[in-house]
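A.B. asks: can you look at this prediction? I've put the sequence above it.
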Amino acid sequence: MQRLYDFLRRHPTWVDGFWAVVLLGISVASGTTPQENSGSGTGQLAVTLPITLLLCLVIALRRRLPEQMLILAVSMGAAQLVLDMPLAPADFALLVITYTVASNGTRWASRLALTAGLLAAPLAQLRWPEAQQGAFEHVAIVIFQTVPFALAWVLGDSLRTRRAYFAQLEERAARLEKEREAQAKVAVAAERARIARELHDVVAHNVSVMVVQADGAAYVLDSAPDQAKKALEIISGTGRQALAEMRRLLGVLRTGEHQESGEYVPQPDVEQLDELIEQCRGSGLPVDFKIEGTPRPLPSGVELTAYRIVQEALTNTRKHGGPNAGASVRLVYFDDGLGLLVEDDGKGAPHELYEEGGVDGQGHGLIGMRERIGMVGGTLDAGPRPGGGFRISALLPLKPAH
């Protein structure tokens, strides 16, 4: 059945041709085309048969050539008036073509179809009046015969308006989708550039430490070999950490906005989370902060990522949580990674923040989080809490992913 339906949708002209044949059969069966052995059968047949065939042709080609078939139908209707051919079943084609051009045809064809439909019944009553009918009966018949044409035109025009409305909605949705993708790409590029600048500063800070320690080791190499040895160990450890950060830096594009001037300073780390949370508390956001596990030194990139995630999560809480929202931050030290859990009990961020990758029309917080965590090979889970509010859970491995 579905295949038959799809076939009929792909070949509408065949469907219209079938109904044209049915209409022709009904016209013949009803006696519209008289037999040749009737009184004036030959002359009347020469008039009625071509008009009936052409009206059936209007049905067959109505969707392929709507304007042309409208002109043909109006011409056949005028021919019936001139040649004194009474109303016949084939005149149903006038009603069908009115609906067709109102829904699919041009505006001038739609107006012509409406005008012809409204004039058809009055002209028919004037051309073939019934002597035994009064004026009221004539008016009633005119109204009764005009209403179907008006309804057909209104239905077709409504379908045209609805189709145009849906086309406009589809175009708008496609345009918004393209704009959203463009905004997401811009946000990803900007966030990667920001990460590159920050990691560059971290690596530059480590190199600066190495230079200072190397100068100190050279200075005390002869007088204090133990201090020189300790300085060399610091240089070795710092160099390895700098190389790890440089590996994470690969593949990140720079925009050139950072000016290579001034001294480099280390970026925020987990030790500065206390200051960040105190700032949030001072701004009116209650924050419960706990550390689980044994704190220990972490790679600079991991500490920077953890700090930025907490910072962005608390910013989203202040922005979307509402006036009475509260938050909790959990920092968990595992053997092979660092866990973060930031929750709030506010009304929660908009649905788009976690459904469409983090784009909310005003910021790109979750996009930035995903980019940062991806740089260190971690995982992120963000979304609404079952009891209300928003939840962000992240796991940052201590070793970079291959």
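C.D. replies: Happy to help now that I have it.
A.B. asks: can you give me the helices in this structure?
C.D. replies: Remark: helices assigned in the chain by DSSP state H are 2-10, 12-29, 41-60, 66-83, 92-104, 107-127, 135-220, 225-249, 273-282, 300-320, 351-355, 365-375.
A.B. asks: what about the ones you listed, which gets the closest to residue 387?
C.D. replies: Minimum separation from residue 387 across the helices of the chain (CB to CB) falls at helix 300-320, 15.3 Å. Any C-beta I mention is one placed from the backbone N, CA and C, and that applies to glycine too.
A.B. asks: for that closest one, buried residues please.
C.D. replies: Residues of helix 300-320 classed as buried: 300-314, 316-318, 320 (neighbour count, 16 or more other CB atoms under 10 Å).
A.B. asks: what is the orientation angle of it with helix 273-282?
C.D. replies: 10 degrees (axes from the mean of the first three to the mean of the last three CA atoms, to 10 degrees).
A.B. asks: between helix 300-320 and helix 135-220, how big is the angle?
C.D. replies: 150 degrees.
A.B. asks: tilt between helix 300-320 and helix 365-375?
C.D. replies: Using the same axes, to 10 degrees, helix 300-320 lies at 170 degrees relative to helix 365-375.
A.B. asks: give the other helices and strands that helix 300-320 contacts.
C.D. replies: helix 135-220, helix 225-249, helix 273-282, strand 327-333, strand 337-344, helix 365-375, strand 390-397 (3 or more CB pairs under 8 Å, 6 or more residues apart in numbering; DSSP states H and E).
A.B. asks: where does this structure dip in pLDDT?
C.D. replies: Applying pLDDT under 70 to the chain flags residues 1, 8, 31-45, 131-133, 198-206, 208-209, 241, 244-267, 348-365, 399-402.
A.B. asks: which residue is nearest the centroid of it?
C.D. replies: Ranked by distance to the mean C-alpha position of the chain (CA atoms, centre = their mean), the top residue is residue 177 at 4.3 Å.
A.B. asks: OK, contacts around that residue?
C.D. replies: When the contact criterion is CB atoms under 8 Å, 6 or more residues apart in numbering, residue 177 has no partners at all.
A.B. asks: on that earlier part again, save the helices and strands packed on helix 300-320 as CSV, and put in distance to residue 288 too.
C.D. replies: What follows is these, written out as CSV (distance: least, CB to CB, whole Å):
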stretch, distance to residue 288
helix 135-220, 28
helix 225-249, 31
helix 273-282, 9
strand 327-333, 4
strand 337-344, 9
helix 365-375, 21
strand 390-397, 14
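A.B. asks: and the ones you listed: which comes nearest residue 77?
C.D. replies: helix 135-220 (11.4 Å).
A.B. asks: that closest one to helix 92-104, inter-axis angle?
C.D. replies: Using the same axes, to 10 degrees: helix 135-220 against helix 92-104 is 30 degrees.
A.B. asks: chain center to helix 135-220, what's the gap?
C.D. replies: 6 Å (CA atoms, centre = their mean, to the nearest Å).
A.B. asks: can you check stretch 229-244 too?
C.D. replies: 51 Å.
A.B. asks: repeat that for stretch 321-338.
C.D. replies: 33 Å.
A.B. asks: any idea how far apart the tips of it sit?
C.D. replies: With CA to CA, to the nearest Å as the measure, the first residue of stretch 321-338 is 26 Å from its last.
A.B. asks: now it: buried residues?
C.D. replies: 321, 325, 327-329, 331, 333, 337-338.
A.B. asks: neighbours of residue 17, just the number please.
C.D. replies: A count of nearby residues for residue 17, using other CB atoms under 10 Å, gives 16.
A.B. asks: wait, doesn't residue 302 sit right on residue 398?
C.D. replies: Yes: using CB atoms under 8 Å, residue 302 is in contact with residue 398, at 6.6 Å.
A.B. asks: what is in contact with those two at once?
C.D. replies: residue 338.
A.B. asks: right, and the helices and strands packed on helix 300-320 - which one's nearest residue 128?
C.D. replies: Of the helices and strands packed on helix 300-320, the one closest to residue 128 (CB to CB) turns out to be helix 135-220, at 10.8 Å.
A.B. asks: quick check: angle from that closest one to helix 225-249?
C.D. replies: 160 degrees.
A.B. asks: picking that back up, so which of the helices of the chain gets nearest residue 384?
C.D. replies: helix 351-355 (7.1 Å).
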